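Enquirer: Give me a model of this one.
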Amino acid sequence: MNTGEFLAALDALAPARLAAEWDNVGLMVGRRDRPVTRVIVALDLRAAVLDEAAAQGADLVLVHHPPIFPAMSAVTDARTAGALVLRAAEEGIAVAAAHTNLDSAAGGLNDQMAAALGIASTSPLVPDPVDPSLGLGRVGEVTPTTLGALAAAAVGAYRPAGVNTGMAGDPGLPVTRVAVCTGSGGSLVDAARDAGAHAYVTGDLKYHDADAAEGMGLVNIPHGVVEQHALAAWTPRLADALAPAGVEVRITSVDTDPWREAC
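Expert: Next up is the predicted model:
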């Protein structure tokens, strides 16, 4: 398999057409005709991820967050982002990104998040205009619970990665319908409320999002914690897709989340 064939296989799992207009997905660094035998999957491109790729003989790193976003005016070692892209090119390690397309895809990160929280019969919060079964966010049904119990369940689901959870709303609020969005989901608060969700679980929520929720409960889970968990859960799908071509796929051992609990 070469890089171009890898991109085609990735597109079958996370079609590039599903990416938001503002996003930057696909091949960031590398030649399409270069062979690919080992792939490292990571949330972000970091020096430690490239160290791991080099040590394991990986030909390609697939990241969720594009290292060139929204644009890069120069590829030099003057800034960290440019230095990482330059290093990958110099070392012959291809870099590809699957971002909002992987969030929206069937079996992608939002589906992995919904599964982790026990949400069933899901549908997208923002359906794709071509295929309404795909799209950003998910909303579905849960066994009757409360907002407080849902927040506790979220902590339990993500505890292996460490989590600091925030909650807005009455802890005793009855909950049977829950919306989720991996990463930063503040822009979908209205969509979650309009979809009839009793509670919405996402990351990077702001102070006034609690007012916009209009009585819908909110559970704020750190951005990186959820996405690293969901990405690890999704990676076996990529491994299965590439196995017939003899390509080995591994999730990185590097925690690329820059945020840590203060105490």
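
Enquirer: At which residues are the strands of the chain located?
Expert: 26-29, 38-42, 60-63, 94-97, 120-123, 126-127, 135-136, 138-146, 166-168, 174-184, 199-203, 217-220, 248-251 (DSSP state E).

Enquirer: now those as a markdown table including mean pLDDT, mean neighbour count and distance to residue 73?
Expert: Any C-beta I mention is one placed from the backbone N, CA and C, and that applies to glycine too. Output for these, formatted as a markdown table (pLDDT from 0 to 100; neighbours: other C-beta atoms under 10 Å; distance: least, C-beta to C-beta, whole Å):
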| stretch | mean pLDDT | mean neighbour count | distance to residue 73 |
| --- | --- | --- | --- |
| strand 26-29 | 98 | 20 | 15 |
| strand 38-42 | 98 | 23 | 25 |
| strand 60-63 | 98 | 26 | 20 |
| strand 94-97 | 98 | 24 | 18 |
| strand 120-123 | 98 | 14 | 40 |
| strand 126-127 | 98 | 16 | 31 |
| strand 135-136 | 98 | 22 | 29 |
| strand 138-146 | 98 | 18 | 36 |
| strand 166-168 | 95 | 17 | 36 |
| strand 174-184 | 97 | 23 | 24 |
| strand 199-203 | 97 | 27 | 29 |
| strand 217-220 | 97 | 24 | 34 |
| strand 248-251 | 98 | 18 | 32 |
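
Enquirer: Quickly note the distance from residue 155 to residue 225.
Expert: 10 Å (C-beta to C-beta, to the nearest Å).

Enquirer: who's more crowded, these two?
Expert: residue 225 (23 against 15; other C-beta atoms under 10 Å).

Enquirer: got a pLDDT number for the more buried one?
Expert: Turning to residue 225, the model gives it a pLDDT of 92.

Enquirer: now residue 237
Expert: Value for residue 237, per-residue pLDDT: 98.

Enquirer: Verify the contact between it and residue 107 for me.
Expert: Yes. Judged on C-beta atoms under 8 Å, residue 237 makes contact with residue 107 at a distance of 5.8 Å.

Enquirer: anything in contact with each of those two?
Expert: Common neighbours of residue 237 and residue 107 (criterion: C-beta atoms under 8 Å, 6 or more residues apart in numbering): residue 13.

Enquirer: more crowded one of the two?
Expert: Using other C-beta under 10 Å as the criterion, residue 237 and residue 107 rank with residue 237 on top: 17 against 14.

Enquirer: Great, nothing more from me.
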